[in-house]
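Engineer: Quick check, what structure comes out for this input:
(2 chains)
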Amino acid sequence: MTKNFLFGFLFSVLLIGLVACGQPAVGKAVGDSGSSDSGSSEVVNQSSGLEDSAPKTGAEKSSATKSELKTLADVSEQPSGVFNRLWSDPPTLDPHLTSDTTSAGVVVEIFGGLVGFDTNLQLIPDLADSWDVSTDGLTYTFKIRENAAFHDGTKVTAGDFKWSLERAVNPDTASPTAKTYLGDIVGVEDVLEGRGSEIRGVKAVDDVTLQIQIDAPKAYFLAKLTYPTAYVVDKNNVSEGGLNWTDNPNGTGPFRLTDYKIGERIILERNDLYHLEKAKLAKIQMNLAGGSSMAMYENDEIDITGVGLFDLERIKDPGDPLNGDLVVAEPGYSVNYIGFNVEQPPFDDPKFRRALNHAIDKELIAREVYSDLVVPAYGILPPGFPGFNESLEGLRHDPVLAKKLLSESKYADPVSRPRIVVTIPGTGGTPGLDLEVIINMWLETLGVEVEIQQVEWATYLKDLDEEKFQAFGGLGWEADYPDPQDFLDILFHSDSENNHGLYSNQEADVLLEDARVETDSVRRIDLYQNAEEIIVNDAAWVPLWFAGERHVLIKPYVKGYELTPMTMSKMRYVYIED
Amino acid sequence: MWVYITRRLLWLPVLLLMVSAVTFVLGTYGPGDPVRVMLGTKYDEDTADRLRSSLGLDRPIVVQYIDYVSGAIRGDFGESLRYRGRSVGSLLASKMWVSFQVNLAAMVVSLSIGLPLGFWIARHQGSWIDPAAISFTLVLMSIPIMVSIPIVLWALCLKLSWVPCSGWGGFFDLRIVVPAITMGVPGVAGLARLMRASTLDVFGQDFVRTARAKGLSESTIDIRHVLRNAIIPIITILSFSLAGMLTTGFITERLLGIPGVGDFAIQAIFNRDYPVIMAFTMILSAAFVVANLLADIAYSLIDPRIRLS
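Structural biologist: Below you'll find the model as predicted:
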């Protein structure tokens, strides 16, 4: 209480400073008009993983050099065209510190790793041109490409990879993602804990051969290596550049960083030495200053923008001049939910939790509140994600069953039922229409009264860790790598630190543990689907929404831009047509 | 007077030390911590502990504070926790410089409309123009910025295509027009009223009556005698607002894509970027002290009846 008061005081002192020049102060941040997620944009933006759910796009005048270089020679060899987009200031351009999509979206174009994804989320070789996995699934041997080079022309060696991986996990680097993405490698734990600086499990056999040993056969290990934490950096670049080495990064990606002014712009230019298919664009201009994305798009300042709920109806009208630019893309890999703390009454009774699930008509909310911008979720894994179970029934809308379950539960009697509070992150705005409707559905169908409490983001995270909340909403989970382990194991295993609802089911734990080491991919998916079914039927959550189809405007002269459900290097495929 | 100024300036470091101590303690003991926010929804206690120790956040608060102050004295405000590896000093300096330029442009708009308007209203005191014009400026002032910006954008950018819709290109770039108008016009009301009051005050002075009695033309009286004297109190009041010119509101910044300090500071608070919050608070405190001092000095120069001691 006192702490909160003191902090509030500090906050208001700062606000006075901000408001001093006569600006009205408003509690809730004004959202980017290009953002397509309505309720929980703050949370979605904070967590790591995916991009394009809200492409913040745009830049200077787009006319620039649209068709400078057009010779008879092979078009793909001659870079041409400028792509303009809106972006936000990346918190870092250091691949090893990257943990958010804003940073990752730039980092993946400047740097690279052993392997990557193509736009269909298939694993493709990047700096390694081939790899072998030992029969026990523990040793990966990578062959580095002949023509692998940094932007300045220096060859990339296996030693560079070893040095980079060791830098990523060194405590001095303070990487927030090292354990998640590299923790499977033998010896990483020791380096993280400060016991030595060499990773035992990483060996540079010769200049072009890199051997990595992991602690157990893990089907998703290669997918983890696509994340920037596992990228190669140039030792000299890092040690000579000091703290701000990322101002002049010497990467291996399809583009080079040629200009970066915080809050203003990032300019990427084509890397002519790129080892894979070279980029077709000459330049990418990213406007970091922000602004009204839709207006900038209409004014030809940017080439791509997300469409929010409020502009969608207008643009869907075939008569609208922008209608032709509309691109509808597959949903991103994320799920929104309300979590229950299963150790706190009344959520310790599965029947009560199931009753709440059955009482919500998600189809109605998706249609009427979100204009079908979201897809109702009945399971945990998003559609299109590996392991997605189309036949999963889940806890569908069934008011009769809901009432029956409530009457059978320990908390059937409204008088003795504890007070119920759902806590969501936020600072004074509306809690989001979906939550208000859901609470109303609970009241009308079941007569269960639920209150909403808003807590500021940093405090929310802290309280979440301490399992202070009875129920918590406004959260989304996004995939870091396309593997069911990233959702089910991390969120629902009894020992997982991200299991904030303290859900625990021995049967599910055993399935999840078996799946970790199962090498047969079909059986592995089976294990995950079984676990998912148990979790869903135990009503550990109310799964709410999968991000629906994303609506994006792309200028008709921009070709080859793929909207992918995860961040990946893909700007090299884009070209500008005259 | 020099003694007075020196004494005031000597108090500045003491004041800053107090502000920094309070901010530091409140920040450290307030709920939430920067490492937790850095990790987002994906939590891992080992990683969090490791980050805290790598960033020196696990040291005793007194040690952290002394470390901070000794750095700040040397002009080193530390590194941002959100923009990893960036020095807070250079981050804030570039953002504040942008905010200052925007405010300057807005002030040019306020002054160039407000002063002539106030004078004109004063000349028409007693007629319907006086209340009508003052009410009109009040209406303009009362339009919230999140209403006025979209309207101005729609007109100037989308309909007329005179200026780009958003972004930032420096003081002499066309894109400064919209923020200058939307931030400058609300300031007109206050300035016009001040100018009106101050002009009326001068109108009533003996020297104006004398000038008129001497048969000087109305325009000579206006320009030489009235205007000059009427503007003086306004200049002193403007020096008060100097400190405020270092910041801009985050709503304006977000809507118009201005890389100013307002949104940056708000984000710093949400992300518990303590080094940035600390430096921002201290710079603003110092700016307010200096601006107040300047205003005091300006007063005493203009009005000899006020003695600084």
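Engineer: Quick check: residues of the stretch 201-309 of chain B near chain A?
Structural biologist: Taking CB under 8 Å from any CB of the partner chain as the criterion, the neighbours of chain A within the stretch 201-309 of chain B are B:241, B:243-245, B:247-259, B:262, B:264-266, B:269-272, B:277, B:280-281, B:284. Yep, even glycine has a C-beta here, placed from its N, CA and C like the rest.
Engineer: please redo it, this time with the cut-off set to 7 Å
Structural biologist: Taking CB under 7 Å from any CB of the partner chain as the measure of proximity, the stretch 201-309 of chain B contacts chain A at B:244-245, B:247-252, B:254-259, B:262, B:265, B:269-270, B:272, B:277, B:281, B:284.
Engineer: Show only the entries of these found in helices.
Structural biologist: Assigned to helices by DSSP state H, the following of those qualify: B:250-252, B:254-256, B:262, B:265, B:269-270, B:277, B:281, B:284.
Engineer: Let me see the mean pLDDT of the helix or strand where A:Ala355 lies.
Structural biologist: Following DSSP states H and E, the helix or strand that holds A:Ala355 is helix A:350-358. Averaging the model's pLDDT scores along helix A:350-358 yields 93.
Engineer: ok, now which ones touch whichever residue of the stretch 1-150 of chain B sits closest to chain A?
Structural biologist: For the stretch 1-150 of chain B, the residue closest to chain A is B:Gly32, as judged by CB to the nearest CB, at 2.8 Å. With contacts taken as CB atoms under 7 Å, 6 or more residues apart in numbering or on different chains, B:Gly32 has the following neighbours: A:Ala458, A:Thr459, A:Leu461, A:Lys462, B:Arg272.
Engineer: A:Asn499: which of the residues you listed is nearest?
Structural biologist: Within the contacts of B:Gly32, the smallest distance to A:Asn499 is 15.0 Å, found for A:Leu461 (CB to CB).
Engineer: Now for the closest one: which residues touch it?
Structural biologist: Each residue near A:Leu461 by CB under 7 Å, 6+ apart is listed here: B:Gly32, B:Arg36, B:Val37.
Engineer: The stretch 1-150 of chain B: strands as residue ranges?
Structural biologist: In the stretch 1-150 of chain B, no segments count as strands under DSSP state E, counting those that start in this stretch.
Engineer: Quick check: residues of it near chain A?
Structural biologist: Where the stretch 1-150 of chain B comes near chain A, counting by CB under 7 Å from any CB, the residues are B:23, B:26-27, B:29-33, B:36-47, B:50-51, B:54-55, B:82-85, B:91, B:94-95, B:103, B:144-146.
Engineer: and these, which of them are in helices?
Structural biologist: By the criterion of DSSP H, membership of the residues of the stretch 1-150 of chain B next to chain A in helices covers B:23, B:26-27, B:29, B:36-39, B:45-47, B:50-51, B:54, B:91, B:94-95, B:103, B:145-146.
Engineer: Could you turn the buried ones of those into a ChimeraX selection?
Structural biologist: In ChimeraX, the members of those classed as buried (16 or more other CB atoms under 10 Å in any protein chain shown) are selected with the following command:
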select /B:23,26,27,36,37,38,39,47,50,51,54,91,94,95,103,145,146
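Engineer: follow-up on the earlier one: from A:Thr177, how far out is the residue of the stretch 1-150 of chain B closest to chain A?
Structural biologist: As judged by CB to CB, to the nearest Å, B:Gly32 and A:Thr177 stand 21 Å apart.
Engineer: repeat for A:Leu138
Structural biologist: Counting by CB to CB, the gap from A:Leu138 to A:Thr177 is 23 Å.
Engineer: Neighbour count: the two, which is higher?
Structural biologist: Neighbours per residue, other CB atoms under 10 Å in any protein chain shown: of A:Leu138 and A:Thr177, the larger number sits with A:Thr177, 26 against 17.
Engineer: Hmm, that one is touching A:Ser103, no?
Structural biologist: No. Assessed by CB atoms under 7 Å, A:Thr177 is found out of contact with A:Ser103, at 10.6 Å.
Engineer: buried stuff in the helix or strand harbouring B:Thr182?
Structural biologist: Secondary-structure assignment from DSSP H and E places B:Thr182 in helix B:177-203. Applying a neighbour-count criterion of 16+ other CB under 10 Å, one finds B:177-196, B:198-200, B:202-203 buried in helix B:177-203.
Engineer: Which helix or strand lies directly C-terminal to it?
Structural biologist: On the C-terminal side of helix B:177-203, the closest following helix or strand by DSSP H and E is helix B:206-213.
Engineer: Name the residues that touch that next one?
Structural biologist: Outside helix B:206-213, the residues that touch it by CB under 7 Å, 6+ apart are B:Val202, B:Ile221, B:His225, B:Val226.
Engineer: Can you add distance to B:Pro150 and pLDDT and give the residues you listed back as TSV?
Structural biologist: Output for the contacts of helix B:206-213, formatted as TSV (distance: CB to CB, whole Å; pLDDT from 0 to 100):
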residue	distance to B:Pro150	pLDDT
B:Val202	40	88
B:Ile221	44	85
B:His225	44	83
B:Val226	40	86
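Engineer: farthest pair in these?
Structural biologist: Greatest spatial distance in the contacts of helix B:206-213: B:Val202 and B:Ile221, 10.1 Å, computed using CB to CB.
Engineer: If you rank the contacts of helix B:206-213 by neighbours, which is first?
Structural biologist: Compared across those, B:Val226 has the highest neighbour count, 25 neighbours, by other CB under 10 Å.
Engineer: Quickly note the distance from that residue to B:Thr199.
Structural biologist: Looking at B:Val226 against B:Thr199, where the rule is CB to CB, the gap reads 6 Å.
Engineer: One more: A:Asp303?
Structural biologist: A:Asp303 is 53 Å from B:Thr199, by CB to CB.
Engineer: cool, and A:Glu532?
Structural biologist: Taking CB to CB, one finds A:Glu532 at 76 Å from B:Thr199.
Engineer: again, but for A:Asn537
Structural biologist: Noted for A:Asn537: a distance of 79 Å to B:Thr199, by CB to CB.
Engineer: One more: B:Ser239?
Structural biologist: According to CB to CB, B:Ser239 stands 20 Å off from B:Thr199.
Engineer: can you check B:Thr137 too?
Structural biologist: Remark: distance between B:Thr137 and B:Thr199 (CB to CB) = 15 Å.
Engineer: Please name the residues that touch A:Asn341.
Structural biologist: Applying CB under 7 Å, 6+ apart, one finds that A:Asn341 lies in contact with A:Phe347, A:Glu467, A:Phe469, A:Gln470, A:Ala471, A:Gly501, A:Leu502.
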